[in-house]
Structure formats: structure tokens, C-alpha cells
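Asker: When you get a sec, could you give me coordinates for this:
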Amino acid sequence: SVGSVKSQIGHTKCAAGIGGLIKTTLALYNRVLPPTINIKTPNPFYHPEGSPFVLEATARPWLQSKRAAAVSAFGFGGTNFHAVISSYNDEPVQSGLKQWSAELFVFRGQDRNEARELIDKLAAQLVTDIPLRLRDFAYTTAISGSGAVQVAFVALDIDELKRKLEQARQFKAESETIFVAQENVPTDRLAFLFPGQGSQRVGMFSELFTLFPTFQELLRQGESWSNIL
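Answerer: Now for the predicted structure:
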């Protein structure tokens, strides 16, 4: 992967090397191959289908556990500086996004009344000035209660969460976005669904890697098997 910090923040003159060093260090730490913008007309001798060099158009996960990158900076007076940086093996696993596009809310209980108590408790928290993110509310709800999931839905923001909480506490699937469990139906069975062809999309694997730190660690554990396949 080849990139340029100059195309993103302009010519920083004496600080050009520092800008590139910061960008590269963050890419190694966050396990992300950053994109390079403003590439409209590449050199006509560059053929991406047969070249070992890639110009990233979007951010991609950096899967390798041992990563290395080179930084080159050319300053005034003919000074050329080159540095090679490698990742630290014991660095913590990080999530690539601090805020996700949507959150899943599940409300458990031995019956609907117990699940409704959790719904009312969350609704009361939303009228306070507690500076919590949507994901904080979703996490708190996920680890609360016991028993089967009685009702579940997905929310994009706090406003949508407030609206769907009112619908969910009535346990009526009036819309396709509120999922209500049937009463008096055993829930101790587990089924796995494997969709066939046609359910895939470009980048779906990278989304898992970016959003879920645990998934990153599982990929690193299986890296030693990739040379056998």
C-alpha cells in the first residue's frame, strides 16, 4: 500500500516528515491501511491489476499481526530521510470506530413484565443529563435482566431509541423494526442459519474486523494456519 500525507494536508515543508511519521504510526497502531485522497489521474505507466503497489481509495483493515511501514521525507537543501517502523507485538487490540452506525437493543426477562421494567428503566435514564453514548445504553441493556429475550430492536440514534422504547413496551410488532418474542414458546433451542450465495457484499469481512476487537484477536490466532492452506 502506497500513500501520501501531502495529498491530504498539503505541503508542510519542514514538518513534512513528522506528518508522515504520525500518520504511519497511527496506521500501525490501529491496524488500518489509510486511504489517500485526491488521486484522480494516476501515472499512465501504473497498472493496478499487475502492480505490487496499491493506492487505497478507502480505509481497510491491516490483518497481519507483524506489520511494517516505511516513511520517506524530502526536505530543503537536498536532505532525504527514510525510516522503517514496525508494530509492537504486545500492543492492545483496538476498535477502528468509536461510534457505530446502529446499535442492537435486547430486553430479557422471565416474562414480559420483567422485560418491561428494563424498558422503563432505560426510558427514565434518557430524560436525565447523563452524557452516555448510544452504545453505552445498548451495552447496559444487553447485560441486564435474565431469561429469554422478550423484545428487541435496532436504533440509529437517541431520538429513534426513545420512539422505539414506547413501541417496545407494548410488545406489539406494529412495524418490521420491532421484534417481539411469542409467549409460551420454548426458547432453549439454538439454530444456525447459513445463507447461500447472493448474501455476500464487498467489504463485509472488513466491517467485522473493524468493529469487533475480539474478532481481530481471533484472526491473529489463526494466522499461523494461513501458510498451510
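
Asker: C-alpha only now, for contacts and for neighbours.
Answerer: Will do.

Asker: For stretch 124-141, give me every contacting residue.
Answerer: Applying CA atoms under 8 Å, 6 or more residues apart in numbering, the contact partners of stretch 124-141 are 99-100, 103-107, 118, 122, 157-158, 162.

Asker: Swap in 10 Å and give it another go.
Answerer: 98-108, 118-119, 121-122, 142, 154-159, 161-162 (CA atoms under 10 Å, 6 or more residues apart in numbering).

Asker: next one: stretch 157-169
Answerer: Residues contacting stretch 157-169 (CA under 10 Å, 6+ apart): 101-103, 105, 107, 112-113, 115-120, 122-123, 126-127, 133-135, 137-138, 150-155, 173-175, 177-180.

Asker: In strands only, show me those residues.
Answerer: Among the contacts of stretch 157-169, the members found in strands (DSSP state E) are 103, 105, 107, 150-155, 178-180.

Asker: okay, now the domains of the chain?
Answerer: In terms of domains, the chain is parsed into 5-86, 103-180 (source: the TED database).

Asker: chain center to the longest one: distance?
Answerer: Same thing as domain 5-86. Computed by CA atoms, centre = their mean, to the nearest Å, the chain-centroid distance of domain 5-86 equals 22 Å.

Asker: same check, this time on stretch 118-131
Answerer: The answer for stretch 118-131 is 26 Å, by CA atoms, centre = their mean.

Asker: quick one: Asn80 and Gly10, what's the gap?
Answerer: Per CA to CA, to the nearest Å, Asn80 is found 19 Å from Gly10.

Asker: what about the closest residue to Ala27 other than its chain neighbours, how many residues close to it?
Answerer: Nearest residue to Ala27, sequence neighbours excluded (CA to CA, 6 or more residues apart in numbering): Leu33, at 6.0 Å. A count of nearby residues for Leu33, using other CA atoms under 10 Å, gives 20.

Asker: who are the neighbours in contact with Leu33?
Answerer: Going by CA under 10 Å, 6+ apart, Leu33 touches 1-3, 24, 26-27, 56, 58-63.

Asker: run the last query once more with 6 Å
Answerer: Applying CA atoms under 6 Å, 6 or more residues apart in numbering to Leu33 gives the contacts 59-62.

Asker: So what sits opposite it in the bridge?
Answerer: Beta-bridge pairing of Leu33 under DSSP bridges involves Arg60.
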